[in-house]
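predicted model follows, preceded by the sequence.
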Amino acid sequence: MGYSMLLSSADNVSEGYERLFDLDMQLLFDSGLTLIAVITLFFILSNFLFNPARKFLEDRKARIQGDIDAAQNEKEDALALKAEYEEKLKDVDKEVERILSEARQKAIANENKIIADAKEEAAAIIARANEEAELEKKRVVDEVKQEMITVASLMAGKVVSGNIDTTVQDSLIEETLKEIGDSTWLS
């Protein structure tokens with residue numbers, strides 16, 4: 001008796017629960033079908049929405065990382081170029097000083113060459129002037145001698161007219177030449 005009562009009360013309880021939650025086969029079937037639909041929808045959305053979104057985000061992340069790496073490489077290259085240019089700028093001062101020194105040396109060499117050429121030309125001009133002066137001096141000496149001879153001839157003519165002999169005439173010419181002297185007609 002106790003056992004059958006227990007069974008009948010369990011049946012009554014299960015009927016009460018059945019009614020309370022309405023757990024019947026239709027609810028279980030609908031729940032299973034909903035679960036399958038949710039899982040299917042999850043996979044469909046995962047393939048068509050989540051995976052492309054993840055792929056888009058991964059691509060964007062990779063692109064950003066690539067840009068960061070490229071920027072880092074460019075920054076390193078820029079720093080290397082900056083260091084190289086700074087080194088070149090240090091060397092530029094030395095190079096400028098070297099070029100200026102070479103230019104000064106060339107200018108001094110050209111100056112010395114020009115001075116030497118000018119001295120040679122001046123010496124040649126002086127030599128030519130001395131030669132021309134010597135030639136002019138000789139010409140003048142010859143002219144003076146010719147003048148003296150002419151004067152002496154005139155004197156001799158006057159003396160001859162006074163009947164002086166040739167020895168007296170020669171001595172008069174010599175005496176006149178000595179009086180005028182070499183220094184008189186050379187200067």
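Looks like it came in fine. Numbers count the residues shown, from 1 in each chain.

how close does Ser31 get to Lys82?
70 Å (C-beta to C-beta, to the nearest Å). All C-beta atoms are positioned from the backbone trio N, CA, C, and that covers glycine.

pLDDT score for Tyr3?
In this prediction, Tyr3 carries a pLDDT score of 53.

repeat that for Ile149.
pLDDT for Ile149: 81.

and the one 3 residues further on, by the same measure?
Ala152 carries a pLDDT score of 73 in this model.

in this structure it contacts Thr176, no?
Yes - using C-beta atoms under 8 Å, Ala152 is in contact with Thr176, at 5.8 Å.

what do those two both touch?
Counting by C-beta atoms under 8 Å, 6 or more residues apart in numbering, Ala152 and Thr176 have no common neighbour.

ok, the two, which is more surrounded?
The residue with more neighbours, out of Ala152 and Thr176, is Ala152; 20 against 14, by other C-beta atoms under 10 Å.

and the lengthiest helix in the chain, what does it pack onto?
The single longest helix within the chain, with elements called by DSSP state H, is helix 51-161. Under the contact definition 3 or more C-beta pairs under 8 Å, 6 or more residues apart in numbering; DSSP states H and E, helix 51-161 sits against helix 166-186.

figure out how far the helix it packs on is from the centre of its chain.
Here the centre of helix 166-186 is set off from its chain's centre by 83 Å, with C-alpha atoms, centre = their mean, to the nearest Å.

buried residues, it. List them.
Buried residues in helix 166-186, counted by 16 or more other C-beta atoms under 10 Å: Gln169, Leu172, Ile173, Leu177, Trp185.
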